[in-house]
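Visitor: Please work out how this folds:
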Amino acid sequence: MYEIALSLPDDVLTALDLAPEQLSDEVRLAAAVKFYELGRLSSGMAAKFAGIPRVIFLSKLADYGVDTFRLTEAELREDLANA
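Guide: The predicted structure is shown next:
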């Protein structure tokens, strides 16, 4: 497993009003959401990155304004036709 260190000014932590452990969790989730939004990680791998179950990850996407499912209209029509 890789470990990444992040240095922040003290006032950033104070402004966020978070304990270092909480900030670590939020940064991991935010990064996982962004990688998912960009299509660089699947929802399962993004959830693993965030350290949470996939179902929880999917439910958290709305908090970040990210669509849970990224299907085009054509893909939706195809899914409906195959249902």
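Visitor: which helix is the longest one in this structure?
Guide: helix 20-37 (DSSP state H).
Visitor: Can you tell me what sits against that helix?
Guide: Residues outside helix 20-37 that contact it (C-beta atoms under 8 Å, 6 or more residues apart in numbering): 6, 8, 13, 16, 18, 41-43, 46-47, 49-52, 57, 60-61, 64, 66. (C-beta placed from N, C-alpha, C; glycine too.)
Visitor: May I see the buried residues of the following helix or strand past it?
Guide: Using DSSP states H and E, the helix or strand that follows helix 20-37 in sequence is helix 43-50. Counting neighbours by 16 or more other C-beta atoms under 10 Å, one finds that the buried residues in helix 43-50 are 43, 46-47, 49-50.
Visitor: Check those residues for the minimum pLDDT and say which it is.
Guide: The pLDDT minimum for these sits at Ser43, where the score is 90.
Visitor: Tell me which residue lies nearest the centroid of this protein.
Guide: Val33 (2.1 Å; C-alpha atoms, centre = their mean).
Visitor: re earlier: in the longest helix of the chain, which residues are buried?
Guide: Across helix 20-37, burial judged by 16+ other C-beta under 10 Å covers 23, 29, 32-33, 35-37.
Visitor: any chance of the buried residues of helix 43-50 in TSV, with distance to Ala74 too?
Guide: Listed next are the buried residues of helix 43-50 as TSV, based on distance: C-beta to C-beta, whole Å:
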residue	distance to Ala74
Ser43	21
Ala46	24
Ala47	27
Phe49	29
Ala50	30
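Visitor: Give me the below-cutoff pLDDT ranges for this structure.
Guide: Counting by pLDDT under 70, the low-confidence segments of the chain come to 71, 75.
Visitor: rerun that using 80 as the cut-off
Guide: 69-76, 78-80, 83 (pLDDT under 80).
Visitor: check contacts around Asp11.
Guide: Taking C-beta under 8 Å, 6+ apart as the test, Asp11 contacts no residue whatsoever.
Visitor: Could you look up the SS state of it?
Guide: helix (DSSP: H, G, I helix; E, B strand; the rest coil).
Visitor: ok, now how distant is it from Asp17?
Guide: To Asp17, Asp11 is 11 Å away according to C-beta to C-beta, to the nearest Å.
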